[in-house]
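Participant: only geometry, no sequence info:
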């Protein structure tokens with residue numbers, strides 16, 4: 001393992017860790033650590049998270065006495081790999097390999113929640129993460145459970161988001177500078193989650209993870225924002241899985257933060273999110 005020099009802050013120290021092509025940032029408390037929390041970003045996001053959400057959460061966790069590690073998935077940010085060669089299963093394997101000999105808690109944002117759940121459901125009786133705690137933020141159902149209704153809802157959500165951005169002069173300035181990926185915008189507003197004929201769906205797994213999760217008995221905290229249009233059906237889906245056997249009966253919690261959007265941009269939403277995460281990992 002190769003470490004950069006440590007950066008010290010008032011209540012934490014930070015290290016950038018590089019190992020086996022993956023890069024992570026560790027936030028360590030200045031006191032004895034209570035344990036490890038691994039933060040997993042969304043599908044194409046970096047370890048900082050949207051508007052540094054994961055940095056905020058990691059610092060909050062470290063101030064409370066825990067070691068927080070923000071992991072960069074393969075082919076994202078500073079980690080090695082080719083984007084189109086990395087599927088959900090590769091992300092799950094990379095995340096599971098980050099645990100070492102510890103039994104950590106996971107915080108996964110959006111697709112990062114799917115990655116964390118997939119790692120926890122691995123059918124390895126020797127795994128230290130088999131029944132670890134999972135905090136899934138703004139996490140959606142796994143691909144096989146996503147219907148045409150889901151595709152339509154996501155397409156409409158993207159259309160409204162882009163229409164709102166089109167009213168900003170900054171958006172037009174970025175477009176003229178060539179800073180906006182027009183092809184990606186077209187794909188987001190016209191295509192669904194399902195791949196075109198002959199294409200591979202990188203977000204799907206070779207495993208039936210939702211079936212495996214019925215045997216996972218770890219504690220779980222599932223959080224969404226009511227301002228996220230995909231939150232209500234996603235929560236209903238995971239509550240149904242929980243009723244069928246997923247997660248600890250006594251230690252699994254579902255919560256919606258009023259008004260919050262998918263990425264919790266408001267400071268107040270982030271502070272509530274951090275409080276609920278800390279309360280969960282402390283218990």
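Facilitator: The structure has been received and is ready for your questions. It should be emphasised that the depicted structure is a prediction, and the values quoted were computed from it without experimental measurement.
Participant: setting the sequence-adjacent residues aside, check what's closest to residue 35.
Facilitator: The shortest distance from residue 35 to any residue that is not its chain neighbour, by CB to CB, 6 or more residues apart in numbering, is 5.8 Å, and that residue is residue 66. For glycine as for every other residue, the C-beta is placed from the backbone atoms N, C-alpha and C.
Participant: I'd say the one you found and residue 39 touch.
Facilitator: No - under the criterion of CB atoms under 8 Å, residue 66 is not in contact with residue 39, lying 11.1 Å apart.
Participant: who's more crowded, these two?
Facilitator: Neighbours per residue (other CB atoms under 10 Å) separate residue 66 from residue 39, with residue 39 holding more: 29 against 22.
Participant: and the helix or strand harbouring that one, how far from the chain's centre?
Facilitator: In this structure, residue 39 sits in strand 36-40 according to DSSP states H and E. Centroid displacement of strand 36-40 relative to its chain, using CA atoms, centre = their mean, to the nearest Å, is 10 Å.
Participant: and the next helix or strand past it?
Facilitator: Where DSSP H and E defines the elements, the next helix or strand beyond strand 36-40 is helix 53-63.
Participant: and that following helix with strand 36-40, angle?
Facilitator: Following axes from the mean of the first three to the mean of the last three CA atoms, to 10 degrees, one obtains 180 degrees for the angle between helix 53-63 and strand 36-40.
Participant: next one, pLDDT for the residue nearest to residue 35 please.
Facilitator: Note on residue 66: pLDDT of 96.
Participant: contacting residues around it?
Facilitator: Applying CB atoms under 8 Å, 6 or more residues apart in numbering to residue 66 gives the contacts 29, 33-37, 281.
Participant: what do you get for residue 34?
Facilitator: The neighbours of residue 34, taking CB under 8 Å, 6+ apart as the test, are 64-66.
Participant: any idea how far it lies from residue 54?
Facilitator: In this structure, residue 34 and residue 54 are 19 Å apart, going by CB to CB, to the nearest Å.
Participant: returning to what we had before: any chance of the contacts of residue 66 in CSV with pLDDT as columns?
Facilitator: Below are these laid out as CSV (pLDDT from 0 to 100):
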residue, pLDDT
29, 95
33, 94
34, 94
35, 92
36, 93
37, 95
281, 94
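Participant: ranking these by neighbours, who comes first?
Facilitator: Neighbour max across the contacts of residue 66 (other CB under 10 Å) = residue 37, 26 neighbours.
Participant: distance of it from residue 144?
Facilitator: Residue 37 sits 29 Å away from residue 144, taking CB to CB as the criterion.
Participant: sec struct for the closest residue in space to residue 51 that isn't next to it in sequence, please.
Facilitator: Counting by CB to CB, 6+ apart, residue 265 is the residue found nearest to residue 51 once chain neighbours are left out, at 5.9 Å. Using DSSP: H, G, I helix; E, B strand; the rest coil, the three-state assignment for residue 265 comes out as coil.
Participant: which parts of the stretch 51-200 of the chain are helices?
Facilitator: When secondary structure is read from DSSP state H, counting those that start in this stretch, the stretch 51-200 of the chain shows helices at 53-63, 88-97, 111-120, 148-165, 169-176, 182-190.
Participant: mind listing what residue 121 touches?
Facilitator: For residue 121, the contacting residues are 209, 212-213, 215-216, by CB under 8 Å, 6+ apart.
Participant: before we move on, what about residue 234?
Facilitator: Going by CB under 8 Å, 6+ apart, residue 234 touches 138-141, 224.
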